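K.L.:
sequence-free structure coming up:
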């Protein structure tokens with residue numbers, strides 16, 4: 001072995017990709033005692049994993065595609081995940097307004113079967129079929145604390161007030177909300193705490209495959225410096241770039257492919273005063289959600305559009321924005337206008353290429369493929385945020401056959417950092433935080449608890465006043481909190497802080513954002 005090779009860091013597994021799947025696998029593997037490295041070319045969760053619809057859900061509409069295994073696994077996972085991260089996730093009730101003329105997507109297996117057996121329905125979704133689907137949704141995965149489906153008379157319920165009076169009936173069921181980007185970062189933090197080496201802003205630029213190991217060349221995005229590591233096994237969790245990494249970095253041929261689907265969302269001013277979500281069905285058979293968001297806003301999405309190039313930054317097009325506005329306006333008493341939209345975002349879902357004829361019909365299931373023509377390689381195709389933990393467990397099952405020495409499963413009962421309190425304990429934790437830090441108002445305390453859970457005292461330290469937290473950057477963001485995010489949560493820029501570690505970008509002015517960026521740049525320069 002040469003002197004330079006002797007100095008290389010050596011890992012049992014090295015992961016390419018710092019989205020939720022990569023970080024989830026890193027956490028699980030590190031907790032089993034494996035030596036783990038992870039490289040992400042940008043910030044953690046900077047692509048798909050910060051651009052979801054922010055839901056832990058079984059996927060009610062996937063029942064129309066007969067994706068029973070996927071839905072069951074996701075339904076079971078909702079409560080597992082909620083129990084382990086009650087600060088960044090919460091139960092939510094979903095209201096599905098109903099009219100007899102609502103229609104299927106005509107390409108779904110359920111629609112085709114109904115058209116064949118009951119042609120008189122003419123593509124409509126009959127009420128009995130919705131009730132049957134919701135009954136299955138309630139019972140397919142079991143529930144410990146999420147309530148089941150109920151029927152609602154919209155004329156006599158507050159959730160009916162914002163809706164067009166033509167909607168008189170609705171069904172209400174349970175799913176969960178989650179902060180997707182914080183979920184990813186907390187998985188990375190926990191992986192690092194268990195010994196993993198997490199390298200954001202680091203690109204894998206070259207690999208060499210030997211019979212028993214991989215030689216991986218890394219390039220730091222900020223400095224341009226290169227380093228080399230070894231790994232017994234590689235995991236390609238590059239999301240939309242999984243095929244590109246295979247061909248251009250790993251130089252591995254495969255018949256597998258991904259179907260890139262762009263999902264766009266708009267955020268509007270707050271459109272209703274309750275904390276429930278609406279599930280709206282379009283005349284084209286598609287569905288969108290209207291979700292209470294960041295206290296003062298409403299999140300509406302998503303679309304399903306083909307996206308052909310992972311390097312092309314996804315953006316919500318004018319056509320997609322208009323589609324979401326028009327579909328939602330067909331339900332609300334007061335139509336939405338473009339003036340109501342305060343922000344939009346879009347992400348690319350790397351769905352497994354299963355030959356589906358449309359973006360909507362493409363499977364949301366995950367597929368794991370091992371290539372053992374030399375040192376082993378695991379490629380991750382597809383997946384959805386709700387099943388990331390199960391995907392990680394399945395990945396570790398595959399890894400164990402090639403990299404022995406790890407222990408058994410453990411993540412189902414292991415809270416993420418800050419999540420070690422009861423699901424119904426958020427209000428009590430907020431009260432304790434306000435008692436310990438009387439200078440916090442209710443909104444500030446709730447924001448901190450929803451981000452950091454039981455770690456709020458570590459973030460704030462011994463502060464007895466807001467002045468003790470250092471410089472204020474606006475809307476309760478303090479110097480102390482930014483230092484925590486830089487030192488403990490891998491944040492490097494204002495964008496990292498304002499759009500992934502939080503959503504304070506919705507509130508800060510351009511001048512405040514610039515001041516934060518300047519301060520963070522100065523601190524990074526000093527640290528370097």
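P.N.:
Sure thing, it's come through. No experiment lies behind these values; they were computed from the predicted model shown.

K.L.:
Run the chain-centre distance for stretch 220-227.
P.N.:
In terms of C-alpha atoms, centre = their mean, to the nearest Å, the centre of stretch 220-227 is set 28 Å apart from its chain centre.

K.L.:
for it, how far is the first residue from the last?
P.N.:
This stretch, stretch 220-227, spans 8 Å end to end (C-alpha to C-alpha, to the nearest Å).

K.L.:
same deal with stretch 247-255?
P.N.:
11 Å.

K.L.:
and for that stretch, what are the contacting residues?
P.N.:
16, 204-207, 209, 234, 236, 243, 246, 369, 371, 373, 377, 379 (C-beta atoms under 8 Å, 6 or more residues apart in numbering). In short, each C-beta sits where N, CA and C put it, glycine included.

K.L.:
host element of residue 231?
P.N.:
strand 226-236 (DSSP states H and E).

K.L.:
pLDDT (mean, whole number) over that strand?
P.N.:
Mean per-residue pLDDT for strand 226-236: 98.

K.L.:
what does stretch 161-169 give?
P.N.:
Mean predicted lDDT for stretch 161-169 stands at 95.

K.L.:
same deal with stretch 87-104?
P.N.:
Rounded mean pLDDT across stretch 87-104 is 87.

K.L.:
what do you get for stretch 517-528?
P.N.:
92.

K.L.:
rewinding a little: got a list of contacts for the helix or strand that the strand holding residue 231 is followed by?
P.N.:
Remark: after strand 226-236, the chain's next helix or strand is helix 242-244, criterion DSSP H and E. Outside helix 242-244, the residues that touch it by C-beta under 8 Å, 6+ apart are 17, 236, 238, 254, 256-258, 310-311, 350, 379-381.

K.L.:
Could you list the buried residues of helix 242-244?
P.N.:
242-243 (16 or more other C-beta atoms under 10 Å).

K.L.:
Show me where the stretch 101-250 of the chain has its strands.
P.N.:
Counting by DSSP state E, counting those that start in this stretch, the stretch 101-250 of the chain has strands at residues 150-153, 169-178, 197-199, 202-209, 214-220, 226-236.

K.L.:
so where's this protein shaky on pLDDT?
P.N.:
The chain contains residues with pLDDT under 70 at 1-7, 65-66, 102-126, 128, 354-364.

K.L.:
How about the residue most central in space within it: what's its closest non-neighbour residue?
P.N.:
Residue closest to the average C-alpha location in the chain (C-alpha atoms, centre = their mean): residue 180, at 3.3 Å. Of all residues not flanking residue 180 in the chain, residue 52 sits nearest, at 4.6 Å (C-beta to C-beta, 6 or more residues apart in numbering).

K.L.:
Isn't the one you found up against residue 386?
P.N.:
No - if you go by C-beta atoms under 8 Å, residue 52 and residue 386 don't touch, sitting 9.6 Å apart.

K.L.:
neighbour-wise, which of those two wins?
P.N.:
residue 386 (28 against 23; other C-beta atoms under 10 Å).

K.L.:
Please report how far the more buried one lies from residue 44.
P.N.:
Going from residue 386 to residue 44 by C-beta to C-beta, to the nearest Å gives 19 Å.

K.L.:
Likewise for residue 461?
P.N.:
24 Å.

K.L.:
residue ranges for the strands of the stretch 251-400 of the chain, please.
P.N.:
Going by DSSP E, counting those that start in this stretch, the stretch 251-400 of the chain shows strands at 258-269, 277-281, 287-293, 297-301, 305-306, 341-352, 366-371, 377-382.

K.L.:
now those strands as CSV including distance to residue 12?
P.N.:
Listed next are the strands of the stretch 251-400 of the chain as CSV, based on distance: least, C-beta to C-beta, whole Å:
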stretch, distance to residue 12
strand 258-269, 26
strand 277-281, 41
strand 287-293, 40
strand 297-301, 39
strand 305-306, 38
strand 341-352, 25
strand 366-371, 15
strand 377-382, 12
